[in-house]
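Visitor: Sequence and predicted structure, then a few things I'm wondering about:
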Amino acid sequence: MRHFLAAAIALSIASPAEASELPNGVASGDVTATSAMIWARAAVPGLLKFEIATGKNFKSYMGGGSMVSDPAVPRKFHATGLQPDQVYEYRATDAAGNRSAGRFRTLPQTCAKSDVRFGVSGDWRGEIAPYPSIRNVPDRGLQFFVELGDTIYAERYSGPETGEVASTLGDYRARHTEVLTARYGLNTWKDLRATTPVFAMIDDHEVVNDFAGGAAPSTDATRFDQTGNFINETNRYKAGLQAFSEFMPIVDQTWSSSDPRFNGKPQLYRSRILGKTAMFAMVDARSFRDTGLPGVTDLTNPTEIANFLIASATQARTMLGGDQLARLKTDLLDAKARGILWKFVMLPEPVQNLGVLAASDRYEGYARERNDLLKFVADNAIENVVFVTADLHGTMVNNLTYDVGNTRLASKAWEIVTGAVAFEEPFGPTIVDLAKQVGLIDNNQYNYYLSLPIAPDADASVNDKDDFVASVINSSMAGLSYDPLGLAGSNVPAKLTKGGYEAMHSYGWTEFSVNAKSGKLTVTTWGIAPYSYEDLQSNDRSQIVARKPAVVSQFEVNAAAVPAGNCRGSN
């Protein structure tokens, strides 16, 4: 509720010399045109005071407060009644006078025709903080930043993997605290969240690797307690989701549904209208999914590969769950009816077909539902749909195809996989090592890869590491008649301006910018050279911490014309 803090007058405040910043700074998120969630974690018990104003002097402000009994648990304040497209200053002060400040801008009015700029990435391991790959985000003037899954790693904590996996609420809280805490004099997530509103989504590692929330607990009995009928009703899932909600500046919502898989469960799905220029929908690909198919173990066995592909394409299995898929379709149709130009679907798991290796956990392993969604977009002539994903720990772009019966059709939609912020190792070397293990490349090819530079480019010659990895992936996909990586030769009107359509040997994030006048979308991936935990323990640590992101890939996409639509409603 919007109110002034008369009670704060009596607050016992320490002298400026004794006070400092709050442990993890402040954050804003879940912004709309008229509201925002404000977040902070106090250093001491007592009243945590929130203030929000349109000026830095805070002479006139709205605010609220929360009594803190356990400083390990953050607090949030939902600011409502705000003005559209307005910059707000905010700050939080705890009972010892420790204070941190930030700012956010509300989203534009529903019918506004304004430029759009936002950022996305996923996947950061706690032991390789402090994440210099995102240090430039506060300077980019973004409207918001999407934390697209694997915001912690339950399996890794403060050092090389030890086998100690998070399973309790305290464990999960400790991991969220770790990634938001300064290390080696740098705290990039604190800086980002203080200057840029965030939207946040889980993938699997907020709970445990590759879990399927819509499956029965008995299907994963060694990792989950047997509470409830679905894994999303177990104590472990609830602990992971509670910690995620506590540490993210998001509004707590639950599904109301006749489907017991959904009813009463956390609703992380979000959609926002960014004026007439764009909208986005962010989906939870983990909490409601069915158990994944058994993976292909022998890539030389055509029968095993065929059986996997047939099962994926024909079995009535879901990744998103019926209610969430229906909501996504409704929001895409609504965007078309409103005449919104660009539609971004943000999903933590890759949508593009990359081959059967490790496909069970991707949308490729739920091909029947994937085909249904892409066919829906095509049948309803929903233009300018971009799938923005993460999880692979490297950036790659591809046009999308889908199957109707035995016919493969080209979709106008396309995908970019983003990230990782920091995951050792990146996608490139991971794939090459795996290709060597399964016999896709020999020792000579492996050594040639090691000799190549990291120098992404647009040509087809295999003269850098990204080219080599792309050639391995494309060779594997060719046997399945999948399109090669990139947008060249597709029906997507794209033009590379720097680097290539792959950036698989860096840590970083991706920026999306839409010019409202021309409708052109510019996609820029920022990156730094990757590093390891061992690198951070070495004498070269200062050089790693000082790294600054540079553009490693950039391309432009022209928008297809859309009907004018009927601008209506609120955001």
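Guide: Okay, I see it. Numbers count the residues shown, from 1 in each chain.
Visitor: how about the strands of the stretch 51-200 of the chain, start to end?
Guide: Secondary structure of the stretch 51-200 of the chain by DSSP state E, counting those that start in this stretch: the strands cover 62-68, 75-79, 87-93, 99-105, 116-121, 144-148, 198-201.
Visitor: Residue 394: neighbouring residues, count only.
Guide: Neighbour count for residue 394, taken as other Cβ atoms under 10 Å: 30. C-beta: built from backbone N, CA, C; applies to glycine.
Visitor: what separates it from residue 250, distance-wise?
Guide: Noted for residue 394: a distance of 27 Å to residue 250, by Cβ to Cβ, to the nearest Å.
Visitor: So residue 544 sits against residue 532, correct?
Guide: No: counting by Cβ atoms under 8 Å, residue 532 is not a contact partner of residue 544; they are 9.5 Å apart.
Visitor: If you count surrounding residues, which of those two has more?
Guide: Between residue 544 and residue 532, counting by other Cβ under 10 Å, residue 544 is the more crowded of the two (20 against 15).
Visitor: part of a helix, is the more buried one?
Guide: Yes: counting by DSSP: H, G, I helix; E, B strand; the rest coil, residue 544 is found in a helix.
Visitor: State the number of residues packed around the nearest residue to it once chain neighbours are set aside.
Guide: Leaving aside its sequence neighbours, residue 544 sits nearest to residue 531 (Cβ to Cβ, 6 or more residues apart in numbering; 4.8 Å). By other Cβ under 10 Å, the residues close to residue 531 number 21.
Visitor: Give me the phi and psi for residue 531.
Guide: Dihedral pair for residue 531: phi -150, psi 170, per degrees, to the nearest 10.
Visitor: Could you do residue 482 as well?
Guide: Backbone torsions of residue 482, given as degrees, to the nearest 10, read phi -90, psi 150.
Visitor: Please apply the same query to residue 419.
Guide: phi 90, psi -170.
Visitor: who's in contact with it?
Guide: Neighbouring residues of residue 419 by Cβ atoms under 8 Å, 6 or more residues apart in numbering: 121-123, 148, 390-395, 508-510.
Visitor: For the residues you listed, give me TSV that also has pLDDT.
Guide: Below are the contacts of residue 419 laid out as TSV (pLDDT from 0 to 100):
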residue	pLDDT
121	99
122	99
123	98
148	99
390	98
391	98
392	98
393	98
394	98
395	98
508	99
509	99
510	99
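Visitor: residues making contact with the helix or strand encompassing residue 324?
Guide: With elements delineated by DSSP states H and E, residue 324 resides in helix 322-338, which encompasses its position. For helix 322-338, the surrounding residues in contact (Cβ under 8 Å, 6+ apart) are 110, 255, 257, 259, 262, 269, 271, 273, 276, 279, 281, 283-284, 288, 318, 320, 343, 345, 369, 372-373, 376-377, 380-383, 385, 562-563, 565-569.
Visitor: Please repeat the previous calculation with a cut-off of 7 Å.
Guide: Residues from elsewhere that reach helix 322-338 (Cβ atoms under 7 Å, 6 or more residues apart in numbering): 255, 257, 259, 262, 269, 271, 279, 281, 283-284, 288, 343, 345, 369, 373, 376-377, 380, 382, 565-568.
Visitor: and if you look at stretch 62-80?
Guide: Under Cβ under 7 Å, 6+ apart, the answer for stretch 62-80 is 2-5, 7-8, 34-52, 173, 246-247, 249, 251.
Visitor: Tell me which of the strands of the stretch 51-200 of the chain sits nearest to residue 501.
Guide: Closest approach to residue 501 among those (Cβ to Cβ): strand 116-121, 16.4 Å.
Visitor: Adjacent strands (with direction) for the closest one?
Guide: Partners of strand 116-121 in the sheet, by DSSP bridges, are strand 144-148 (parallel), strand 507-514 (antiparallel).
Visitor: rewinding a little: which among the contacts of helix 322-338 end up buried?
Guide: For those, a neighbour count by 16 or more other Cβ atoms under 10 Å gives the buried set as 255, 257, 262, 269, 271, 279, 281, 283-284, 288, 343, 345, 369, 373, 376-377, 382, 567.
Visitor: So which of these belong to helices?
Guide: Applying DSSP state H to the buried ones among the contacts of helix 322-338, the entries found in helices are 369, 373, 376-377.
Visitor: Redo the residues you listed as a markdown table? Include pLDDT and distance to residue 81.
Guide: Putting those into a markdown table (pLDDT from 0 to 100; distance: Cβ to Cβ, whole Å) gives the following:
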| residue | pLDDT | distance to residue 81 |
| --- | --- | --- |
| 369 | 99 | 40 |
| 373 | 99 | 37 |
| 376 | 99 | 37 |
| 377 | 99 | 36 |
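Visitor: ok now the host helix or strand of residue 245, how far from the chain's centre?
Guide: Following DSSP H and E, one finds residue 245 within helix 235-247. The offset between the C-alpha centroid of helix 235-247 and the centroid of the whole chain comes to 17 Å, using Cα atoms, centre = their mean, to the nearest Å.
Visitor: State the mean pLDDT of that helix.
Guide: Averaged over helix 235-247, pLDDT sits at 99.
Visitor: what residues does that helix touch?
Guide: Helix 235-247 has contacts (Cβ under 7 Å, 6+ apart) with 73-74, 167-169, 172-173, 176, 202, 206-207, 213, 224-225, 227, 231, 252, 266.
Visitor: Got a quick PyMOL command for the buried subset of those?
Guide: Buried members of the contacts of helix 235-247, identified by 16+ other Cβ under 10 Å, are gathered into one PyMOL selection as follows:
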select buried, resi 74+167+169+172+173+176+202+206+207+213+224+231+266
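Visitor: just checking, which of the contacts of helix 235-247 belong to helices?
Guide: Applying DSSP H to the contacts of helix 235-247, the entries found in helices are 169, 172-173, 176.
Visitor: could the residues you listed be laid out in TSV, adding pLDDT and distance to residue 330?
Guide: Formatted as TSV, the ones in helices among the contacts of helix 235-247 follow (pLDDT from 0 to 100; distance: Cβ to Cβ, whole Å):
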residue	pLDDT	distance to residue 330
169	98	34
172	96	32
173	97	35
176	97	32
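Visitor: Tell me how far residue 319 lies from residue 284.
Guide: Per Cβ to Cβ, residue 319 is found 10 Å from residue 284.
Visitor: any chance you could map the helices in the stretch 451-571 of the chain?
Guide: For the stretch 451-571 of the chain, applying DSSP state H, counting those that start in this stretch gives helices covering 465-478, 533-536, 541-545.
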